[in-house]
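Student: Any chance you can model this:
(one chain, ligands or ions: 2)
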Amino acid sequence: MGMFKYILYLALTAVCTAAKQPNIVFLFTDDHALSAISAYGSKTIKTPNIDRIAEEGAIFQNSFCTNSICGPSRASIMTGKHSHLNGFTGNLGAAFDGHQTTLPRLLQNAGYQTAIFGKWHLKSTPVGFDRWEIFPGQGNYYNPDLLQQGGGRKRYQGYATDIVTDLSLKWLKEERDPNKPFILFCQHKAPHRTFSPALRHLELYDGEDLPVPSTFFDDYKNRSATLAKHAMGIAEHMAWDYDLKVPSPLVKEYNLPGRNHIKDVEYPRMSPEQKKAWDKFFEPRNRELLEQWKAGKLTEKDLALWRYQRYAKNYLRTVKSVDENIGRVLDYLDESNLTENTIVIYSSDQGFYVGEHGWFDKRWMFEESLSMPFLIRWPEHIKPGQKHEELIQNIDYAPTLLSAAGAEVPREMQGKSLLPLVESSSKEWRDAIYYAYYDHGGEHQVPQHDGIRTERYKLIHFPRSEEWNLFDLKNDPNELVSIHGKDPKLLKELQSKYDELKKEYHVSSATIPSSRPQPWWKQRHKLLNKRTKDGSGKAEIVFIGDSITQAWETHGKDTWQKYYAPRNAVNLGISGDRTEHVMWRLQNGNFTGLTPKVAVVMIGTNNTGHKMQPALETAQGIRAILDQIRSKSPDTKILLLGVFPRDASPEGKMRKRNEEINGLIDDYADDKHIFYQDISQVFLDDKGTLPKEIMPDALHPRQQGYQLWAEAIEPTLNKLGLSPITK
Ligand code: SGN
Ligand code: CA
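Tutor: Numbers count the residues shown, from 1 in each chain. Ligands and ions are numbered 1, 2, ... in the order given. Model prediction:
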């Protein structure tokens with residue numbers, strides 16, 4: 001081949017390779033601890049199929065979640081953003097807004113077919129998937145129901161992990177278009193609570209004792225006082241029947257001490273044959289325990305250890321089914337010649353405690369639950385056998401996959417592509433990650449906290465008890481002694497890193513849903529919930545905001561009567577609210593069931609007035625509110641108003657800050673769902689001053705101000721579908 005031809009050949013291969021988008025198989029589980037994967041050095045289980053992904057690709061030893069709980073972790077994966085920006089801060093909050101910028105939607109735009117099977121758990125209907133079939137909520141292990149794309153649900157006979165794999169393989173083999181690249185999210189329930197194994201794995205570990213973690217009898221000393229208040233102890237908080245498979249009647253009959261407050265939900269779903277096999281295994285083993293207890297042979301400590309063994313074995317048995325099913329998917333890729341150009345990832349929404357600190361569950365920022373497994377294989381691009389130490393996070397997944405697909409990574413995504421690490425062993429990387437948990441209290445009594453982890457240290461802040469904890473992971477890998485008081489210099493250093501990261505990720509109070517403590521506020525929130533309920537199906541227009549909105553009830557009353565009462569309008573304003581309070585209200589009933597044609601949003605001036613919050617933070621709070629309304633009522637058109645002017649003089653600091661906010665939020669208009677209007681001018685005189693007759697305190701409009709407001713937005717409301725008011 002001549003030189004010219006050779007260069008042409010090289011160029012053509014480059015073009016062809018670049019154009020060949022990889023397929024993606026995202027294998028995902030719920031609550032899978034690193035301690036239960038042999039590639040991560042498990043002492044208790046062999047997971048040859050998961051390990052195979054690491055052997056033929058790369059494994060990340062320092063892989064973490066943004067927020068150690070199900071929905072939030074999944075939302076971070078979908079959006080490439082931390083919880084406070086994607087709006088899904090906790091399982092207890094609002095549904096995920098799938099209309100924001102997400103990985104599946106962007107991949108669809110890049111020509112991909114997208115499918116998801118199994119656990120979704122983001123409350124809203126999946127957006128951006130050509131094909132989906134998902135568990136309602138947490139889903140079940142035995143004979144599970146799956147929500148159907150066309151509506152309704154379907155019950156499958158069998159074990160969930162097998163069924164989710166069957167559906168995934170069926171889609172790969174028979175349903176997708178073989179000429180297009182695809183992403184498949186194959187998402188299992190296992191090994192989540194209630195830790196119910198497949199029948200074929202019941203005998204695994206039978207008659208053996210698993211090693212007990214060295215921290216099993218943790219005394220919770222030398223760390224935050226909140227630790228001892230947990231409700232996730234294997235000994236104290238697991239239920240005999242529900243978690244440990246010792247049926248309630250037996251517990252009562254033998255007077256077994258310990259919680260027995262919930263009944264197993266899986267057993268009643270089983271077929272007679274399944275029940276028979278289940279009982280055949282558990283009954284004699286339960287009897288043995290009960291007889292020993294009756295004979296006075298067991299101490300409390302013995303019972304705690306028995307509970308640990310029963311729990312850990314069942315947990316690991318469910319992992320066994322995951323590993324086998326991953327083997328099935330890898331085999332299929334081999335058989336169909338897809339292996340070379342398919343990215344395979346194995347990960348789980350967070351880690352888990354399998355006895356460490358005496359616990360089950362997750363949430364705390366300790367290593368066991370902060371960690372996420374992350375293994376990636378892509379034979380065409382990733383040299384096999386790589387072990388990585390970089391600090392990675394679930395916000396990195398979307399940028400990684402988008403880059404691999406040749407799609408642009410939107411600037412709003414906060415993660416970074418991992419491809420430079422695995423393809424070219426780049427050394428440029430972050431030196432710390434930020435973590436935040438928001439579901440304060442709740443089922444397992446874990447307090448709100450956030451913090452950072454560097455290669456060697458972990459700093460945790462507990463805002464409600466105003467405590468700091470600091471761990472040296474090198475000398476204290478089990479995180480048993482906080483050294484925050486012993487090394488003030490180090491504490492300070494890490495605190496400034498913490499501040500730096502919070503700034504970098506735009507963590508601010510403005511986007512974190514918060515309630516207010518005053519009784520009158522709670523009272524009014526309840527009243528607004530009632531208005532919401534009364535207005536559902538009737539209200540054509542809803543106003544959301546702070547005191548300026550609330551005062552439609554006083555100064556604006558006459559105008560309201562004329563313009564909005566005939567449209568069954570609902571006023572959702574509360575005096576003194578900032579963006580974070582409105583978010584909390586929206587998550588707690590203040591919009592549920594409302595489907596107005598238009599929602600008018602005007603909020604943010606208290607973020608300025610109370611704390612001179614940076615404009616970008618307030619704007620992000622406003623964005624989060626828009627997302628919430630969108631997810632609650634997708635057909636409602638939102639009229640976002642520029643924050644009203646404050647400070648009499650155009651040179652006023654707060655005036656300028658509000659203008660800065662408006663300069664950011666006008667971008668949120670897509671003129672499809674969100675419309676923006678700045679009516680500031682109608683309040684100002686020709687010098688830009690706020691006249692006293694209109695806003696005597698240079699913040700709250702008087703009667704005339706409300707009339708001007710209504711007149712200014714009326715044409716817009718008409719354009720958005722409200723019939724003109726008959727005067
Ligand atoms: C359920 C579990 C909890 C678990 C949460 C969150 N209780 O509420 O033990 O912490 O899910 O898990 S259960 O009685 O319903 O099993 S998550 O994985 O969805 O975040
Ligand atoms: Ca989970």
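Student: Does Leu303 touch Trp293 like I think?
Tutor: Yes - look at Leu303 against Trp293 with Cβ atoms under 8 Å: they come within range, at 7.5 Å. No exception for glycine: its C-beta is placed from N, CA and C like everyone else's.
Student: Would you mind giving the domain segments of the chain?
Tutor: What the record gives for the chain is the domain set 17-194+321-428, 201-314, 519-719, from automatic domain parsing.
Student: Identify, out of those, the most deeply packed stretch.
Tutor: Among those, domain 17-194+321-428 has the highest mean neighbour count (mean count of other Cβ atoms under 10 Å), at a mean of 21.
Student: Reduced to three states, what does Thr89 come out as?
Tutor: Counting by DSSP: H, G, I helix; E, B strand; the rest coil, the backbone at Thr89 sits in coil.
Student: correct me, but it touches Asn67?
Tutor: Yes - in this structure, Thr89 is within contact of Asn67 by Cβ under 8 Å, at 7.2 Å.
Student: what residues are shared contacts of the two?
Tutor: Common neighbours of Thr89 and Asn67, counting by Cβ atoms under 8 Å, 6 or more residues apart in numbering, are Ser83, Ala436, Tyr438.
Student: Mind putting those residues into CSV with distance to ligand 2, secondary structure and pLDDT?
Tutor: Formatted as CSV, these follow (distance: Cβ to the ion, whole Å; DSSP: H, G, I helix; E, B strand; the rest coil; pLDDT from 0 to 100):
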residue, distance to ligand 2, secondary structure, pLDDT
Ser83, 14, helix, 94
Ala436, 16, strand, 98
Tyr438, 15, coil, 92
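Student: Tell me who's in contact with Ala312.
Tutor: So Ala312 contacts Thr44, Leu210, Val354, Gly355 (Cβ under 8 Å, 6+ apart).
Student: now do 6 Å
Tutor: Counting by Cβ atoms under 6 Å, 6 or more residues apart in numbering, Ala312 makes contact with Leu210, Val354, Gly355.
Student: mind checking how far the last one is from ligand 1?
Tutor: Relative to ligand 1, Gly355 is positioned 15 Å away (criterion: Cβ to the nearest ligand atom, to the nearest Å).
Student: list the contacts for that residue?
Tutor: Contacts of Gly355 (Cβ under 6 Å, 6+ apart): Pro213, Phe216, Tyr308, Ala312.
Student: Recalculate using a threshold of 7 Å.
Tutor: By Cβ atoms under 7 Å, 6 or more residues apart in numbering, the contact list for Gly355 reads Val212, Pro213, Phe216, Ile234, Tyr308, Ala312.
Student: now swap in the second one and tell me
Tutor: Neighbouring residues of Val354 by Cβ under 7 Å, 6+ apart: Ala33, Ser35, Ala36, Ala312, Tyr315.
Student: For the residue of the stretch 101-250 of the chain found nearest ligand 2, which non-adjacent residue is closest in space?
Tutor: Closest residue of the stretch 101-250 of the chain to ligand 2, Cβ to the ion: His192 (5.9 Å). Among residues not flanking His192 along the chain, Asp30 sits closest, at 4.1 Å (Cβ to Cβ, 6 or more residues apart in numbering).
Student: Helices along the stretch 501-650 of the chain, start to end?
Tutor: 519-535, 547-550, 557-563, 579-587, 605-611, 615-632 (DSSP state H, counting those that start in this stretch).
Student: and Ile452, what helix or strand is that in?
Tutor: Counting by DSSP states H and E, the element that carries Ile452 is strand 449-454.
Student: Alpha carbons of that strand, in CSV - could you do that?
Tutor: C-alpha atoms of strand 449-454 as CSV (Å, rounded to 0.1, in the frame of the first residue of the first chain):
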residue,chain,number,x,y,z
HIS,A,449,-25.3,14.6,57.7
ASP,A,450,-22.8,15.4,55.0
GLY,A,451,-19.0,15.4,54.5
ILE,A,452,-16.0,14.7,52.4
ARG,A,453,-13.7,11.8,51.9
THR,A,454,-10.2,12.2,50.7
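Student: Identify the residues contacting that strand?
Tutor: Strand 449-454 has contacts (Cβ under 7 Å, 6+ apart) with 64, 365, 370, 391, 431-437, 458-462, 494, 497-498, 501.
Student: where's Lys275, which helix or strand?
Tutor: Assessed by DSSP H and E, Lys275 sits inside helix 272-294.
Student: Which strands or helices does that helix pack on?
Tutor: Helix 272-294 sits against no helix or strand, with contacts defined as 3 or more Cβ pairs under 7 Å, 6 or more residues apart in numbering; DSSP states H and E.
Student: can you give me how far that helix is from the chain middle?
Tutor: Relative to its chain's centre, helix 272-294 lies at 38 Å (Cα atoms, centre = their mean, to the nearest Å).
Student: Could you give the residue of the stretch 101-250 of the chain that lies closest to ligand 1?
Tutor: Arg193 (3.7 Å; Cβ to the nearest ligand atom).
Student: tell me the contacts of that residue?
Tutor: Arg193 is in contact with Asp243, counting by Cβ under 7 Å, 6+ apart.
Student: Sheet-wise, list the partners of the strand holding Ile452 with their directions.
Tutor: The strands that strand 449-454 pairs with in its sheet are strand 432-437 (antiparallel), strand 457-462 (antiparallel) (by DSSP bridges).
Student: Tell me which residues are up against the last one.
Tutor: To tie it back to what came earlier, the one meant is strand 457-462. With contact meaning Cβ under 7 Å, 6+ apart, strand 457-462 is reached by 224, 226, 365, 447, 449-452, 468-473, 494-495, 498.
Student: For it, which residues meet the burial criterion?
Tutor: Neighbour-count burial for strand 457-462, counted by 16 or more other Cβ atoms under 10 Å, picks out Tyr457, Lys458, Leu459, Ile460, His461, Phe462.
Student: ok, and of those, which contact ligand 2?
Tutor: Among these, no residue is within reach of ligand 2 (Cβ under 5 Å from the ion).
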